[in-house]
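Peer 1: below: sequence and its predicted model.
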Amino acid sequence: MTTLGILLVLVLLLVVFGLLFRLQILTSIFSGSSAREVGVSNRVNAILFIIFLVVGGAAFAWSFIDNYDKMNPPIASVHGHATERMFWTTMIILGIVFTLTQILLFVYSYKYQHKEGRRAFFFPHNNKIEVIWTLIPAIVMAGLVFAGWKEWTRITGPAPKDAVVVEVMGKQFNWLVRYPGRDQKLGVVNYRLIDATNEFGFDLSDKNGVDDFVAPEIHVPKGHPVLLKIRSRDVLHAVYMPHFRVQMYAVPGMPTKFWFTPTKTTDEMRAQTGNPKFNYELACNQICGRGHFAMKLNIVVDEPDDYVAWFGQQKSFSEQNPDVLASFKQKSDKLAGNEAAAPEAAAVIPAAAKASL
Ligand SMILES: [Cu+2]
C-alpha cells in the first residue's frame, strides 16, 4: 500500500513538472522570447561529427585488418571455398553501400549545420526517388538471397552414399563421438539407458550397435566425404568447425546433420600455418551454460591409409564394456523365456517397446 502511495505521488509530481514546463514554453512564445540564439555548441557538434567519422572509420579499418587472420582461418574443405566466395561477395556489396551512406550521413550533418538566414528546403515526397531506392536494393538483395539459397541447398543436400559417418552428441559440457563399426550402421540409442558408463545410451539389443565405438576425438580421412550426424543430450549447442566452414545446431530431440569433404590433413595444415601444434577443432558456439568454454573437441584429418589403420585399432563399446553387453543378453534371454512360457503375455508387448528395452 505504501509503495503504491509513493508511486502515485511520483506520477503526480511528473505530471505537475510536465505542466509547468509547458506553461513556461507558452509564456515565452506569447512574450516573444522563444527564439533563442544558436550558440557555439552548434559548430562544435558539427565538427565532432567529422572527427567521429574520421577517427571511428580509422579505428574500424584497423580493427578489421588486425583481426582478419583470426576471422578467416585457412579453408580446409571443398564447400568452404564456395561459402567464402558468397560471404565476400555480400561483404563487398554491403561494405560499399555502408561506407558511402556513413560518409554522406556525417558529411551532410556537418555541411548543413545551422546558418543564420538559411532555411531548410521542404521536400516531402518524390515518386522517382522512392522507386529507385526501393528497386535497386530489392534487386541486389534478391540476387544475393538466390545465390545463397542455391549454394545452401547444394551444401545441405544428401551426403554421398559412401560418406564416412560420425555422430557427435553435445552435452553440458563436452562432446561425445560415436562411429558405426565395420557394418557402417549406427545402432539404436535410447536416452533412458544413459548412465555413467553408457553415456550415449547404447541399446545393445540392436545388433547394429554391437560394433559401434566411441572415440575421444574425431578422425576423418582427407578427400573423402564425411557425414556428421549431430544430436544434443540436454540444451541447444552448436557444432562449429571454422576451418571446414561448418556450423550446425545440435538440438535436443531433433537430430541434425552436415556433410563436408576435408581437403588438407592435420600435418599439411601444420606445415601451411607453420605451427607444429596446430589442431583442427570443433567448438560449441552457443552459450549453453557455465562450462560452455570447455566444449572443444579435437579433429584429426588423416591420409586415407592412416585413417583405415586408426579405424582398425578401435575397440567397440560392447567389447570395452562386457558387463553392459551381458546385461542386455540377460534381458533378451529373460524375454525369450517369458515368451516361451506365456506367449499371450509376450504378444501384448508391442515390437517397438521391445526394441527400446
Ligand atoms: Cu554447448
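Peer 2: Okay, I see it. Residues are numbered from 1 along each chain as shown.
Peer 1: part of a strand, is residue 240?
Peer 2: Yes. Membership of residue 240 in a strand is supported by DSSP: H, G, I helix; E, B strand; the rest coil.
Peer 1: count of neighbours near it?
Peer 2: 19 (other Cβ atoms under 10 Å). For glycine as for every other residue, the C-beta is placed from the backbone atoms N, C-alpha and C.
Peer 1: before we move on, what about residue 140?
Peer 2: 14.
Peer 1: run through the neighbouring helices and strands of the longest helix along the chain.
Peer 2: If you go by DSSP state H, the chain has its longest helix at helix 78-111. Packing partners of helix 78-111 (3 or more Cβ pairs under 8 Å, 6 or more residues apart in numbering; DSSP states H and E): helix 41-66, helix 127-155, strand 256-260.
Peer 1: and the stretch 151-300 of the chain, which residues reach the ion?
Peer 2: 237, 284, 288, 295 (Cβ under 5 Å from the ion).
Peer 1: output those as JSON lines; include the columns pLDDT, secondary structure and neighbour count.
Peer 2: Listed next are those as JSON lines, based on pLDDT from 0 to 100; DSSP: H, G, I helix; E, B strand; the rest coil; neighbours: other Cβ atoms under 10 Å:
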{"residue": "237", "pLDDT": "95", "secondary structure": "strand", "neighbour count": "29"}
{"residue": "284", "pLDDT": "95", "secondary structure": "strand", "neighbour count": "26"}
{"residue": "288", "pLDDT": "92", "secondary structure": "coil", "neighbour count": "20"}
{"residue": "295", "pLDDT": "93", "secondary structure": "coil", "neighbour count": "24"}
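Peer 1: would you tell me which one of those comes nearest to residue 246?
Peer 2: Closest to residue 246 out of these is residue 284 (12.9 Å), distances taken as Cβ to Cβ.
Peer 1: quick one: contacts for residue 282?
Peer 2: 168, 175, 218, 239, 240, 241, 296, 297, 298, 299 (Cβ atoms under 8 Å, 6 or more residues apart in numbering).
Peer 1: who wins for neighbours among the residues you listed?
Peer 2: Among these, residue 239 has the most neighbours (other Cβ under 10 Å), with 25 neighbours.
Peer 1: in this structure that one contacts residue 228, no?
Peer 2: Yes. Contact criterion Cβ atoms under 8 Å: residue 239 and residue 228 qualify, at 6.7 Å.
Peer 1: which of the helices and strands packed on helix 78-111 sits most buried?
Peer 2: Across those, the average number of neighbours (mean count of other Cβ atoms under 10 Å) peaks for strand 256-260, which reaches a mean of 19.
Peer 1: the contacts of residue 282 in strands, which ones?
Peer 2: The strands, defined by DSSP state E, take in 168, 175, 218, 239, 240, 241, 296, 297, 298, 299 from those.
Peer 1: identify the contacts common to residue 239 and residue 228.
Peer 2: 168, 246, 248, 258.
Peer 1: per-residue confidence at residue 175?
Peer 2: On the pLDDT scale, residue 175 is placed at 94.
Peer 1: excluding its backbone neighbours, what's nearest it?
Peer 2: Computed as Cβ to Cβ, 6 or more residues apart in numbering, the closest residue to residue 175 that is not its neighbour in sequence is residue 297, at 4.3 Å.
Peer 1: show me the contacts for the one you found.
Peer 2: 168, 174, 175, 177, 217, 218, 281, 282, 283.
Peer 1: please repeat the previous calculation with a cut-off of 7 Å.
Peer 2: Residue 297 sits next to 175, 217, 218, 281, 282 when contact means Cβ atoms under 7 Å, 6 or more residues apart in numbering.
Peer 1: in the stretch 51-200 of the chain, what residue is nearest the ion?
Peer 2: Using Cβ to the ion, the closest approach of the stretch 51-200 of the chain to the ion is made by residue 170 at 5.4 Å.
Peer 1: quick one: mean pLDDT over the helix or strand harbouring that residue.
Peer 2: Under the criterion of DSSP states H and E, residue 170 resides in strand 164-171. The average pLDDT within strand 164-171 is 93.
Peer 1: ok, stretch 329-344 next?
Peer 2: 60.
Peer 1: from what I can see residue 220 touches residue 226, true?
Peer 2: Yes. Contact between residue 220 and residue 226 holds when scored by Cβ atoms under 7 Å: they sit 4.7 Å apart.
Peer 1: what residues are shared contacts of the two?
Peer 2: 164, 166, 262.
Peer 1: of those residues, closest to residue 155?
Peer 2: Nearest to residue 155 out of those is residue 262 (Cβ to Cβ; 14.5 Å).
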